[in-house]
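**Student:** Structure for the following, please:
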Amino acid sequence: MAEAAAAATAMAAAAAAMAAAATKDAKPADGKAKRPVPFQSRVVELTTGTADWQMPRSYGKHSAGKAPLCKEHEELGWIKASEGSWLGSNKSDWPPGTTEFTITFDVTSPENAHFELQYAADNKVEGVTLNSRSLSVPSTYGQDYKTLSKLAVQTGSGLFKKGPNTLSVQVSNNGHADNPMGFYARGSLVEDEVAEGEREEGHKEKEATRKAGATQTGGTQTADGEVLRRPAVHRDRAWEKLWKGAVGEAKRDSDRLSTDWLASSIATDRSQALRLQDSVTSRIGPTRTRTRTRTLALALALALALALALAITR
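**Tutor:** Modelled structure (predicted):
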């Protein structure tokens with residue numbers, strides 16, 4: 001019983017210590033609980049009839065400035081504007097050709113900005129630019145006013161800039177005389193902002209990564225020891241060591257192969273020299289023997305001739 005009670009007491013103490021550690025980790029140094037900051041998004045309305053769409057120039061009797069509003073042309077089958085209204089005119093007073101509508105809006109965080117518009121046009125949208133850079137628009141057959149098409153720019157596209165941004169839409173109005181012309185779009189620009197706490201953590205992590213780049217001098221860690229223990233840093237260092245090791249091993253193999261080749265080459269050259277010497281010697285030997293034999297024969301012949309001459313004289 002005493003041992004069971006002691007074990008229970010120890011387990012309770014351990015649980016209390018774990019709870020205290022968790023509570024300490026959950027609170028900052030000042031002891032105040034850190035309340036989560038919700039994600040925030042900045043929204044800019046782009047719907048025609050609600051946002052400030054403009055016409056840079058005049059078209060017929062319609063003056064430059066704020067784009068004129070109109071109701072949908074029911075007889076032609078213009079799609080109903082569920083939000084905002086159409087731009088242009090549902091009367092036969094708009095000259096044929098291309099009409100430009102523009103809207104300018106501010107962007108505070110270009111890397112987090114994106115938008116999606118659903119649009120319709122009579123007769124069709126010829127082109128769209130964002131900050132003078134062309135956007136892709138679907139190919140149509142000149143009756144864009146009966147259905148909605150989609151125009152979108154995604155996050156990270158690199159098309160947005162900090163400060164004023166201008167979206168320009170070119171609408172084609174077919175025909176040979178004045179007729180109805182209209183453009184309708186609904187949607188909004190959204191800038192996704194991370195929570196304040198996560199934004200601070202992101203800045204701290206970037207700074208820590210930058211400092212970690214300085215890393216070590218003479219094998220001693222810098223003051224950012226905690227940063228250097230990050231898995232990513234260890235991974236990068238492991239790759240670096242592996243690469244250096246592979247290069248060093250390759251160099252050693254190259255040196256060893258060079259040494260072996262040199263030794264083999266010397267041995268081969270020496271063997272060839274010895275074989276040449278033996279060949280020359282073997283050829284010179286018989287030649288000398290034949291020369292000596294001829295010399296002896298000649299001497300004997302001379303001696304015999306001399307002896308014969310002496311005998312005849314006597």
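**Student:** Please parse this structure into its domains.
**Tutor:** 42-193, 230-303 (automatic domain parsing).
**Student:** any idea of the mean pLDDT for the shortest one?
**Tutor:** What it means is domain 230-303. Domain 230-303 comes out with an average pLDDT of 64.
**Student:** re the thing from before, go through the domains of the chain and name the closest to A311.
**Tutor:** Among the domains of the chain, domain 230-303 comes nearest to A311, with 12.9 Å by C-beta to C-beta. To be clear about C-beta, it is placed using only N, CA and C from the backbone, and glycine gets the same treatment.
**Student:** Would you mind naming the residues that bridge with A185?
**Tutor:** With DSSP bridges applied, A185 shows beta-bridge pairing to Y119.
**Student:** List the contacts of it.
**Tutor:** 46-48, 117-120, 151, 169 (C-beta atoms under 8 Å, 6 or more residues apart in numbering).
**Student:** let's see it at 10 Å
**Tutor:** 46-49, 51, 53, 81, 83-84, 86-87, 101, 103, 117-121, 125, 148-149, 151, 167, 169 (C-beta atoms under 10 Å, 6 or more residues apart in numbering).
**Student:** hang on, the earlier thing: mean neighbour count, the domains of the chain: which tops it?
**Tutor:** Comparing those by mean neighbour count (mean count of other C-beta atoms under 10 Å), domain 42-193 ranks first with a mean of 17.
**Student:** Between its first and last residues, what's the separation in that one?
**Tutor:** With C-alpha to C-alpha, to the nearest Å applied, domain 42-193 spans 7 Å between its terminal residues.
**Student:** L130 contacts L159, doesn't it?
**Tutor:** Yes: the criterion here is C-beta atoms under 10 Å, and L130 meets it with L159 at 5.0 Å.
**Student:** Common neighbours of the two, please.
**Tutor:** Counting by C-beta under 10 Å, 6+ apart, the common neighbours of L130 and L159 are 153, 165, 167.
**Student:** Which member of these is positioned nearest I312?
**Tutor:** Nearest to I312 among those is V153, at 135.9 Å by C-beta to C-beta.
**Student:** For the closest one, name its beta-bridge partners.
**Tutor:** Taking DSSP bridges as the rule, V153 bridges to F115.
**Student:** I'd like the distance between it and E111.
**Tutor:** Note on V153: its distance to E111, by C-beta to C-beta, to the nearest Å, is 13 Å.
**Student:** list residues touching both of these two?
**Tutor:** Common neighbours of V153 and E111, counting by C-beta under 10 Å, 6+ apart, are F160.
**Student:** Out of the contacts of A185, list just those in helices.
**Tutor:** Using DSSP state H, no member of the contacts of A185 sits in helices.
**Student:** Could you list which of those residues belong to strands?
**Tutor:** Mapping these onto strands (DSSP state E) picks out 86-87, 101, 103, 117-121, 125, 149, 151, 167, 169.
**Student:** Just give me the closest of the residues you listed to A64.
**Tutor:** Nearest to A64 among the ones in strands among the contacts of A185 is F101, at 11.4 Å by C-beta to C-beta.
**Student:** Let me see the contact set for that closest one.
**Tutor:** Residues near F101 by C-beta under 10 Å, 6+ apart: 48, 53-56, 67, 87-88, 121, 125, 167-171, 183, 185.
**Student:** how about the nearest residue to it, chain neighbours excluded?
**Tutor:** Using C-beta to C-beta, 6 or more residues apart in numbering and skipping the chain neighbours, the partner closest in space to F101 is V169 (4.9 Å).
**Student:** Quick one, grab the pLDDT at the one you found.
**Tutor:** 98.
**Student:** wait, doesn't it sit right on L87?
**Tutor:** Yes: at 9.3 Å, V169 counts as touching L87 under the criterion of C-beta under 10 Å.
**Student:** what touches both of those two?
**Tutor:** Joint contacts of V169 and L87 (C-beta under 10 Å, 6+ apart) are 48, 53, 99, 101, 121, 183, 185.
**Student:** Next, format these as CSV and append distance to R252.
**Tutor:** As requested, the shared contacts of V169 and L87 are exported to CSV (distance: C-beta to C-beta, whole Å):
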residue, distance to R252
T48, 72
W53, 72
T99, 74
F101, 71
A121, 71
F183, 72
A185, 68
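**Student:** And the strands in the protein?
**Tutor:** All strands of the chain, identified by DSSP E, fall at 40-45, 54-55, 65-66, 69-70, 86-94, 97-107, 113-122, 124-130, 133-135, 149-153, 163-173, 179-193.
**Student:** angle of the longest one against strand 40-45?
**Tutor:** Put plainly, it is strand 179-193. On the basis of axes from the mean of the first three to the mean of the last three C-alpha atoms, to 10 degrees, strand 179-193 is oriented at 170 degrees to strand 40-45.
**Student:** Could you list the low-confidence segments of the stretch 101-250 of the chain?
**Tutor:** 140-143, 194-250 (pLDDT under 70).
**Student:** rewinding a little: distance of the residue nearest to F101 relative to E126?
**Tutor:** 9 Å.
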